[in-house]
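Enquirer: Structure, please.
(one chain, ligands or ions: 1)
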Amino acid sequence: MEKEAMGGHVMVPLESLSLELPSGEILVSYDKDISALQEEISALRSRQRHLDQRRRETLDKLIDLKGSIRVFCRIRPLIQTNNLKVKSLVTVEQEKITVKSVGIKKEFSVDRVFDQGSTQEDVFQEVKPILRSALDGHNVCILAYGQTGTGKTYTMEGIDGKLGIVPRAIQELFSHASEDSSSTYSFSISMLEVYLGSLRDLLAPRQPLLRPMECSTACNLSVLATKSGAVEVEGLTDVAIPDLKKANQWYCRGRRARSTSWTNVNDVSSRSHWWVDNLFQPPTFTLSMCSLTRITIRRHGATEELSKLWLIDLGGSERLLKTGATGLTMDEGKAINLSLSALGDVIAALRRKRSHVPYRNSKLTQILSDSLGDGSKVLMVVHISPSEDDVGETVCSLSFAKRARSIESNRDIPEVLKTLKQKRLAELDKEIFDAEEEQKYLNEQIRRTEISLEEKKKLSSSVCQVLSDEKGSPRSTLVVGHIDATESPRPTEKAKIRVSQGSVPHFMSSTVCSRQRHSAGSHSVSKPKLTNPVNRYPAELSGSQSFSYSICKNAAKARSVAFSSSAAKMKSLPVKSDHINISSNSIDSTAASAPRRRESFGSRLVQRAPLHQHRRRMSSLT
Ligand SMILES: Nc1ncnc2c1ncn2[C@@H]1O[C@H](COP(=O)(O)OP(=O)(O)OP(=O)(O)O)[C@@H](O)[C@H]1O
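Expert: As a prediction, the model looks like this:
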């Protein structure tokens, strides 16, 4: 063991277990690298799971502290009609709205007010945490409530260039799913409409002969409760959405299938543009149905979780007298009002923590029965008009919001407690942020380690391939090379070979026979001369943990290489001086003339080889 560099030892920066054969060739086992990388990945994943659990618990605390039923209020900008200046009767603070009109001054508290200048992005930022909750396995319900024409559809669907909550939420779900390497998610979408108190499937296969208003039986879906308490709409189309593009396509299709009828309230409804597009005389007004979009989230992680995200544009809440509706439209109006009043009753029962909650009073509340109560998160965005004309409706809508909001008993708390609460919320926010940042870092680490692992595996299998091609020998996990130190001393000086005595692979340990022979002092291993130097190495070798191509190449001419720590083990190696000469790319031509026997020296091989063959090889060393 005589080599010059580094005090007689050639040091090569290998994580892999490497051994010089008596022929001067180097054996590199990637088994150790591969298992080390696998261990590293599993440790990173375990840390990731732990962090995810912590983040979820913190998010739960945060949402519970904020209130599991939150109520926001959004005020639509004033619309000037007939060039008349319309007076705004609403003044706002961050969590308070004051409605002032002749003989009226009423104050309402909500969790957050979005004034007339607030953007779609402002609203969505407040919605985001609750979406994470849906991804974490909670049922979530986001409802837009308010008088016709106050901006429910604008908030939920949005318009071109100003996307609303639904398309943004879908985008957010896919974006989160692609970033989360600890779990995989699958999503599906359903869309339905509550029409005259019945449910209409908006994604059902098209029936050309059936117009929306004529779907009497086809749209009368029933709601079922499973034994576990989950709710299902029988026969409702549920479409798998593998990607964002497909999700948007289905969502647009559902939107187009929505039905409307006309009243004289909504001259500013989002549906008005349809008439302009179709060059018809615009009708006076529309009355919208209650439309529901359901995203079902399946999270496949350590455990399998299923949750529902409901995104609901509730029908216009105006009083029927004001709508001037008659006939069928009047019936629709009544049905919408019934649904909304049933929703109000459910919320009131939840607020009073009643044992009986009247979910069965409408289809709407039946569908939502597993998404409004315990463990669920609800967000209601109440929409109001700032116009004096609408003061009655505005007060009604805000009263409804007040009822919903007081489900949480700790609403009107003293200032000191409010400050403490704000402080705690900020702390929880920071904890979540930190956990998410660390998760991102871990994701990156895992990604890199997986790439290294793949490289190692490829390398190992390509060498195995060469081994078996050359000799039809069994597969091995060894890379075999040769180091010649004379040509390139520099890299070899820097280089370092690490061989861990305690972790030698199975193939390096002595057999009973060899130990007997060894103890009898009947043999010694002398380093044979190099006969078949190999100076090509698998080009795929790369990365800090690999036996890099350049290092191999530079070191390829080393005549004599030693591993002091491996000397004892070498004695028991079943090695012949001239039998290994392998490159993944080609076989060295200089070695071609010499008789070549390629053997593989993997633990698996030793295990597989018949014992007598093994003994014969061992005896050839003595
Ligand atoms: N915050 C807002 N900023 C700008 N425009 C808005 C805003 N809110 C609503 N609008 C506009 O006001 C009009 C009415 O809004 P929208 O149709 O969304 O009301 P709606 O409550 O959904 O009515 P409906 O009950 O008929 O569905 C639309 O033209 C919409 O673009």
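
Enquirer: can you count the residues close to the residue of the stretch 351-500 of the chain found nearest the ligand?
Expert: Closest contact between the stretch 351-500 of the chain and the ligand, by C-beta to the nearest ligand atom, is at His383 (5.8 Å). Yep, even glycine has a C-beta here, placed from its N, CA and C like the rest. The tally of other residues near His383 (other C-beta atoms under 10 Å) stands at 29.

Enquirer: Repeat that for Gln53.
Expert: Residues lying near Gln53 (other C-beta under 10 Å) number 13.

Enquirer: name the helices or strands packed onto the biggest helix by length in the chain?
Expert: Longest helix of the chain, by residue count under DSSP state H: helix 415-471. When contacts are defined as 3 or more C-beta pairs under 8 Å, 6 or more residues apart in numbering; DSSP states H and E, helix 415-471 packs onto helix 31-66, strand 478-482.

Enquirer: Rounded mean pLDDT for the helix or strand where the residue of the stretch 351-500 of the chain closest to the ligand lies, please.
Expert: With secondary structure defined by DSSP states H and E, His383 is part of strand 377-384. The average pLDDT within strand 377-384 is 91.

Enquirer: again with stretch 72-92
Expert: 73.

Enquirer: follow-up on the earlier one: can you tell me the strand partners of the strand holding His383 and which way each runs?
Expert: Strand pairing for strand 377-384, using DSSP bridges, gives strand 69-75 (parallel), strand 140-146 (parallel).

Enquirer: In JSON lines, list those along with mean neighbour count and distance to Leu453.
Expert: Below are the strands paired with strand 377-384 laid out as JSON lines (neighbours: other C-beta atoms under 10 Å; distance: least, C-beta to C-beta, whole Å):
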{"stretch": "strand 69-75", "mean neighbour count": "24", "distance to Leu453": "44"}
{"stretch": "strand 140-146", "mean neighbour count": "27", "distance to Leu453": "37"}
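
Enquirer: Which of these sits closest to Ser109?
Expert: Nearest to Ser109, of all the strands paired with strand 377-384, is strand 69-75, at 9.0 Å by C-beta to C-beta.

Enquirer: now what about the helix or strand following the closest one, what contacts it?
Expert: Next in sequence after strand 69-75, counting helices and strands by DSSP H and E, comes strand 90-92. The contact list for strand 90-92 (C-beta atoms under 8 Å, 6 or more residues apart in numbering) reads 75, 97-100, 113, 115, 384, 386, 394.

Enquirer: which parts of strand 90-92 are buried?
Expert: Judged by neighbour count using 16 or more other C-beta atoms under 10 Å, the buried positions of strand 90-92 are 90, 92.

Enquirer: Which strands border it, and is each parallel or antiparallel?
Expert: Strands that pair with strand 90-92, judged by DSSP bridges, come out as strand 96-101 (antiparallel).

Enquirer: hang on, Ser387 packs against Pro77?
Expert: No - the criterion here is C-beta atoms under 8 Å, and Ser387 misses it with Pro77 at 10.3 Å.

Enquirer: For those two, indicate the residue with more neighbours.
Expert: Using other C-beta under 10 Å as the criterion, Ser387 and Pro77 rank with Ser387 on top: 20 against 13.

Enquirer: Can you report phi and psi for the more buried one?
Expert: When quoted as degrees, to the nearest 10, the phi and psi of Ser387 stand at phi -70, psi 140.

Enquirer: How about the residue of the stretch 351-500 of the chain closest to the ligand, nearest residue that isn't a chain neighbour?
Expert: Gly146 (3.1 Å; C-beta to C-beta, 6 or more residues apart in numbering).

Enquirer: For that neighbour, give me its contacts.
Expert: Per C-beta under 8 Å, 6+ apart, neighbours of Gly146: 152, 314, 316-317, 382-384, 397.

Enquirer: repeat for Ser186
Expert: 240, 242, 297-298, 300.

Enquirer: coming back round to it: sort out which one of the contacts of Gly146 lies nearest Asn443 for me.
Expert: Lys152 (37.4 Å).

Enquirer: What count of nearby residues applies to that closest one?
Expert: With neighbours defined by other C-beta under 10 Å, the count for Lys152 comes to 31.

Enquirer: Can you give me the distance of it to the ligand?
Expert: 4 Å (C-beta to the nearest ligand atom, to the nearest Å).

Enquirer: Repeat that for Pro77.
Expert: Taking C-beta to the nearest ligand atom as the measure, Pro77 falls 5 Å from the ligand.

Enquirer: Could you do Ile63 as well?
Expert: Using C-beta to the nearest ligand atom, Ile63 is found at 25 Å from the ligand.

Enquirer: Would you reformat the strands paired with strand 377-384 as a markdown table and include distance to Asn220?
Expert: A markdown table is the format used below for the strands paired with strand 377-384 (distance: least, C-beta to C-beta, whole Å):
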| stretch | distance to Asn220 |
| --- | --- |
| strand 69-75 | 30 |
| strand 140-146 | 23 |
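
Enquirer: now those strands in TSV, with distance to the ligand?
Expert: As requested, these are arranged in TSV below (distance: least, C-beta to the nearest ligand atom, whole Å):
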stretch	distance to the ligand
strand 69-75	6
strand 140-146	6
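
Enquirer: Next secondary structure element downstream of the strand holding His383?
Expert: Remark: after strand 377-384, the chain's next helix or strand is helix 391-405, criterion DSSP H and E.

Enquirer: Tally up the residues packed near the closest residue to Lys128 other than its chain neighbours, please.
Expert: The spatial neighbour of Lys128 that comes closest, neighbours along the chain excluded (C-beta to C-beta, 6+ apart), is Glu172 at 6.7 Å. By other C-beta under 10 Å, the residues close to Glu172 number 18.

Enquirer: Where does the prediction get shaky in the stretch 301-450 of the chain?
Expert: Scanning the stretch 301-450 of the chain for pLDDT under 70 picks out 317-334, 351, 406-414.

Enquirer: Give me the number of neighbouring residues for the closest residue to the ligand within it.
Expert: Closest residue of the stretch 301-450 of the chain to the ligand, C-beta to the nearest ligand atom: Gly316 (3.9 Å). By other C-beta under 10 Å, the residues close to Gly316 number 29.

Enquirer: A strand includes Lys105, no?
Expert: Yes - counting by DSSP: H, G, I helix; E, B strand; the rest coil, Lys105 is found in a strand.

Enquirer: Double-check it against Ile97; I have them as touching.
Expert: No - assessed by C-beta under 8 Å, Lys105 is found out of contact with Ile97, at 11.7 Å.

Enquirer: Between the two ends of stretch 135-155, how far is it?
Expert: This stretch, stretch 135-155, spans 22 Å end to end (C-alpha to C-alpha, to the nearest Å).

Enquirer: for stretch 156-172, same thing?
Expert: Across stretch 156-172, the terminal residues are separated by 14 Å (C-alpha to C-alpha).

Enquirer: Same question for it: list its buried residues.
Expert: By 16+ other C-beta under 10 Å, the buried positions in stretch 156-172 come out as 156-158, 163-170, 172.

Enquirer: Contact partners for Arg132?
Expert: Shown in contact with Arg132 (C-beta under 8 Å, 6+ apart): 59, 176.

Enquirer: Check the gap between the residue of the stretch 301-450 of the chain closest to the ligand and Ile104 for me.
Expert: 22 Å (C-beta to C-beta, to the nearest Å).

Enquirer: can you list the domains in the protein?
Expert: Following automatic domain parsing, one gets these domains for the chain: 5-32+454-620, 126-207+218-385.

Enquirer: about what we covered before: tell me which of Lys105 and Ile97 has more neighbours.
Expert: A direct count of neighbours by other C-beta under 10 Å for Lys105 and Ile97 places Ile97 higher, at 22 against 8.

Enquirer: Thank you kindly, that will do.
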